[in-house]
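Colleague: Dropping the sequence and predicted coords here.
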Amino acid sequence: MSDYYFANSQLKPNPIISMSQSPENNIIFYVEEQELLRICQDGFYVRGVRVEHDDNEAAAVYKAFKQFLVETALRNS
């Protein structure tokens with residue numbers, strides 16, 4: 001069973017944030033219907049591509065999350 005959260009359910013019927021149980025504790029951020037950022041136990045994924053564990057990892061995840069926030073705000077304004 002999945003839980004879905006909407007920024008504005010009247011404007012966006014598809015989930016923008018999804019938390020799933022299989023595998024447990026995944027958090028997935030969507031822009032429109034495309035996965036932008038996935039946070040799971042084995043690492044971070046930006047647009048479906050695993051982010052390498054190095055000095056740039058935090059910057060890549062921050063940039064993807066910021067992009068999600070900006071695009072969501074623009075869509076809902």
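Modeller: Yep, it's here.
Colleague: Flag every buried residue along stretch 55-65.
Modeller: Neighbour-count burial for stretch 55-65, counted by 16 or more other C-beta atoms under 10 Å, picks out Ala60, Val61, Ala64, Phe65. For the C-beta atoms, the positions are set from N, CA and C on the backbone; glycine is no exception.
Colleague: Go through those and name the one nearest Ala73.
Modeller: Distance to Ala73, by C-beta to C-beta, is smallest for Phe65 among those, at 12.7 Å.
Colleague: That closest one touches Ile27, doesn't it?
Modeller: No. Between Phe65 and Ile27 there is no contact under C-beta atoms under 8 Å: 10.5 Å.
Colleague: count of residues packed around Glu33?
Modeller: 8 (other C-beta atoms under 10 Å).
Colleague: about what we covered before: now, which of the buried residues of stretch 55-65 sits nearest Glu32?
Modeller: For those, the nearest to Glu32 is Ala64 (14.7 Å; C-beta to C-beta).
Colleague: backbone phi and psi for the closest one, please?
Modeller: Ala64 adopts backbone torsions of phi -70, psi -40, taken as degrees, to the nearest 10.
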